[in-house]
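**Student:** What follows is a predicted protein model with its sequence.
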Amino acid sequence: MKYKVMLAGNSRKLISTFFLQMDFAFDCVTSSVIFDDLKNHVQFFKPDIFIYCMRAETRDDLVTIASFHDVLGKHDIPFAAIGDSASLDFASKIPNCVPELSIKLPMSTTDMEDTITRFIKKHKAFLSSAADSPLSKALDTNASSAFDTLAKLDNALEEIEKDPAQKDSARQPESPDRHRILVIDDATIIHKTIKGYLDSKYEVATAISGKIALRFLNTKEVSLILLDYEMPDMNGPAVLEELRKDPYLATIPVVFLTGINDVEKIKNALALKPQGYLLKPVEKDSLLAKIRELID
């Protein structure tokens, strides 16, 4: 089965690679970086993923992609970006331009194809499981980009990162009436599902990557972290290691969210001594029970 991939960006070489070397895995189409053109391609091509192939992008291009990200979200189409470290960092400075999947070059064509394929399968699996839930309609009507607020805080957070002494004074405590729970997962459908389960009792913050989550934690206090075990770029164990380097963050309970059924991987997760783990798709009763056990 071929997945439908919509491509845009300045890297003609990378786009050609998709057409010439990944044609057995993907059915590809290209678009200009004109907003109406991007929208029309989504409407008529109905891609499984949008991939932005970066090379010397302008700020105006990225602002257009940031606006287009909202369109993708309404159609449950994930946004991926491929580029070198400088390009991906540049994109992360633009509000609403942080992709659900970041692929850092250099990477072999085979590994790139495998990473994208696994991500699409994972995304479709979560969409399928959510579609069967009676909660799905309510979630769809309240859906929003998982990182809008965090992206808008980028400039302020960078200033704080330059002066570590400011971190503790900048952190904001949770509401006295509601614990704040941070969900770190690259699948936005998980954010929607967990927010639907918890919004009535807890304040829920979300992050699509470990990097964004760590920035968030520089200024916000949370009572519990729900952490995806397998994520691109920075996986759950790597995030947990960073948390434990900070004496302040090391005290926050961490629960792994994992869809893995490999016994050895589960053993490895438990060896890191989190406060617990939950299997995906997350069951509401199990989630609430674990939260009550740890923070209520």
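**Tutor:** Now that the structure is in, tell me what you want to look at.
**Student:** Report the separation between P78 and C53.
**Tutor:** 15 Å (Cβ to Cβ, to the nearest Å). All C-beta spots, glycine's among them, are computed from the backbone N, C-alpha and C.
**Student:** How many neighbouring residues does D114 have?
**Tutor:** 13 (other Cβ atoms under 10 Å).
**Student:** Low-confidence stretches in this protein?
**Tutor:** Applying pLDDT under 70 to the chain picks out residues 129-177, 260-263, 265.
**Student:** Spatially central residue for it, please.
**Tutor:** Centroid-nearest residue in the chain: I208, 2.3 Å away (criterion: Cα atoms, centre = their mean).
**Student:** my read: it touches I189, true?
**Tutor:** No. I208 is not in contact with I189 according to Cβ atoms under 8 Å; the separation is 11.3 Å.
**Student:** Give the closest residue to D48 in space, chain neighbours not counted.
**Tutor:** Y3 (4.4 Å; Cβ to Cβ, 6 or more residues apart in numbering).
**Student:** roughly how far apart are the one you found and G210?
**Tutor:** Distance from Y3 to G210, by Cβ to Cβ: 26 Å.
**Student:** Compare neighbour counts for those two and give me the winner.
**Tutor:** Taking neighbours as other Cβ under 10 Å, Y3 and G210 compare with G210 leading, 23 against 17.
**Student:** dump the residue contacts of I295.
**Tutor:** I295 makes contacts with H179, S223, L224, P253, as judged by Cβ atoms under 8 Å, 6 or more residues apart in numbering.
**Student:** what's the answer for F26, then?
**Tutor:** Contacts for F26 (Cβ under 8 Å, 6+ apart) come out as K2, Y3, K4, V5, F18, E113, I116.
**Student:** neighbouring contacts of the strand or helix carrying the last one?
**Tutor:** This means I116. Element membership for I116, per DSSP states H and E: helix 109-131. By Cβ under 8 Å, 6+ apart, the residues outside helix 109-131 that reach it are 3, 5, 17, 21-22, 25-26, 48-49, 51, 76, 78, 80, 82, 100-101, 103, 107, 136, 139, 186-187, 189-190, 192-193, 232, 259, 280-281.
**Student:** one step back: need the contacts of F26 in TSV (columns: distance to S128 and secondary structure).
**Tutor:** What follows is these, written out as TSV (distance: Cβ to Cβ, whole Å; DSSP: H, G, I helix; E, B strand; the rest coil):
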residue	distance to S128	secondary structure
K2	19	coil
Y3	15	strand
K4	17	strand
V5	20	strand
F18	26	helix
E113	22	helix
I116	19	helix
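**Student:** so which pair among these is furthest apart in space?
**Tutor:** Within those, two members stand farthest from each other by Cβ to Cβ: K4 and E113, at 14.5 Å.
**Student:** hmm, who's touching stretch 43-53?
**Tutor:** 3-11, 14-15, 18, 29, 41-42, 65, 68, 72, 75, 77-83, 91, 99, 101, 116, 119-120, 123-124.
**Student:** And for the closest residue to D296 other than its chain neighbours, the neighbour number?
**Tutor:** Once flanking residues are discounted, D296 sits nearest to H179: 7.7 Å by Cβ to Cβ, 6+ apart. Per other Cβ under 10 Å, the neighbour tally for H179 reads 20.
**Student:** Tell me which residues touch H179, please.
**Tutor:** Y202, E203, S223, L224, I295, D296.
**Student:** Check L272 too.
**Tutor:** P237, L240.
**Student:** All set now, cheers.
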